[in-house]
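K.L.:
This is a predicted model, with the sequence first.
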Amino acid sequence: MSSDNKIAVKPSILDREFNAPRSLVFDTWTQVEHLNNWMFPQKGFSCEYVSADIRSGGSSLHKMMTPNGHEMWLLTKYEEVSPPERLVFRQYMSNDAGDILPNPQMPTWPKEIRATITLTETGDKTHLHFVWEPIDPTEEEAATFKAALAERGNGWSAGLEQLTIYLESLGHL
Amino acid sequence: MARTRTTYDAFNAIAEPKRRALIETLAIQELSVNEIVKIMRWNQPMVSKHLGVLKQVGLVSERKDGRYRVYKVNAAELKPIHDWVAQFDQLWVNRLDHLEDYLDKIQRGEG
């Protein structure tokens, strides 16, 4: 599987500025009592961390819940936790025991995606730089990731909302 | 460089906005090709093309109803996609929105 010719993929990059001190912004990423309040993908969802060993080499497990209680589990593995400025991790769909689940529906979606968060403080504001990039993707994974980025802001988020409503109406969530 | 895709997976099947629209329409009711043509106001070859892709990845199933074939969404196949989309990149945008709201809220509380 290894190859000398690494495939380059343009990462997904997000930049935000928060009216909050850097130490507090960093804490919101590493302390469960904060994470439970915002680490969910959509309004109406909620999330709960059932384990959290948030340090370099550690991991956490949390569940996301849809409005009527359907659960999805995410495992996060932390590569680097350097307060108050840098956090590097990967997230995986998992089961409630934290075993990573394969996704046969999406065979070409990158299996490993690294998230790197860098915080810089300017006065009383904190700038957050978020980079999301596939690790050693195959050609197909790189193409899928690229196509997905091109779709950003083009209905994916709204699509999830509609899917949730629809599946709930059928009793599938 | 974009390569020609000869097969579809569920991801690129639903990446096309027209196919997402078709899924939403078929989510509500079972329809024949002619009915889809009328509702969506697409021509018949276009309807057949997109139905074909959705069928190929199992998102839509068909059955015979008298002289017609009718199509419906396969909800069980959609569910894993829903779960997958929930961790998609766009959702990081939403999470950061939530973080911003949350930071504003707790700082108002503290201040």
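P.N.:
On my side now, so go ahead.

K.L.:
which SSE is the most centrally placed residue in chain B in?
P.N.:
In chain B, the residue lying closest to the centroid (Cα atoms, centre = their mean) is B:Arg20, at 3.7 Å. In the assignment (DSSP states H and E), B:Arg20 maps to helix B:17-28.

K.L.:
same check, this time on A:Asp136
P.N.:
Going by DSSP H and E, A:Asp136 is not in any helix or strand.

K.L.:
Is any residue of stretch A:11-19 near chain B?
P.N.:
Yes - applying Cβ under 8 Å from any Cβ of the partner chain, one finds stretch A:11-19 touching chain B at A:12, A:14, A:16, A:18-19. Using the backbone N, CA and C atoms, a C-beta is placed for each residue, glycine as well.

K.L.:
Residue ranges in chain B under the pLDDT threshold?
P.N.:
Applying pLDDT under 70 to chain B flags the ranges B:1-9, B:11, B:80, B:82-90, B:110-111.

K.L.:
could you point out the longest helix in it?
P.N.:
Counting residues, the longest helix found in chain B (DSSP state H) is helix B:89-110.

K.L.:
Can you spell out which helices and strands pack onto it?
P.N.:
Identification of packing neighbours for helix B:89-110 by 3 or more Cβ pairs under 8 Å, 6 or more residues apart in numbering or on different chains; DSSP states H and E yields strand A:12-18, helix A:22-30, strand A:125-134, helix A:156-169.

K.L.:
Can you pull out the low-pLDDT segments for chain A?
P.N.:
Looking at chain A by pLDDT under 70, you get A:1-5, A:68, A:104-106, A:150-173.

K.L.:
who are the neighbours in contact with B:Glu16?
P.N.:
B:50, B:53 (Cβ atoms under 8 Å, 6 or more residues apart in numbering or on different chains).

K.L.:
ok, and does the strand or helix carrying A:Ala147 reach over to chain B?
P.N.:
Assigned by DSSP H and E, A:Ala147 belongs to helix A:139-150. Yes - contact of helix A:139-150 with chain B (Cβ under 8 Å from any Cβ) involves A:143-144, A:147-149.

K.L.:
buried stuff in the helix or strand where A:Ile117 lies?
P.N.:
Using DSSP H and E, A:Ile117 falls within strand A:113-122. Neighbour counts using 16 or more other Cβ atoms under 10 Å in any protein chain shown place A:113-117, A:119 of strand A:113-122 among the buried residues.

K.L.:
just stretch A:69-88 next, same as before
P.N.:
Buried-residue list, stretch A:69-88, by 16+ other Cβ under 10 Å: A:70, A:72-78, A:81, A:84, A:87-88.

K.L.:
measure it end to end?
P.N.:
With Cα to Cα, to the nearest Å applied, stretch A:69-88 spans 30 Å between its terminal residues.

K.L.:
and residue 59, what is it in contact with?
P.N.:
Here I'm looking at chain A. Counting by Cβ under 8 Å, 6+ apart, A:Ser59 has contacts A:51, A:53, A:75-78, A:98.

K.L.:
wrong one, chain B
P.N.:
Contacts of B:Leu59 by Cβ under 8 Å, 6+ apart are B:10, B:13-14, B:23, B:73-74, B:77-78, B:81.
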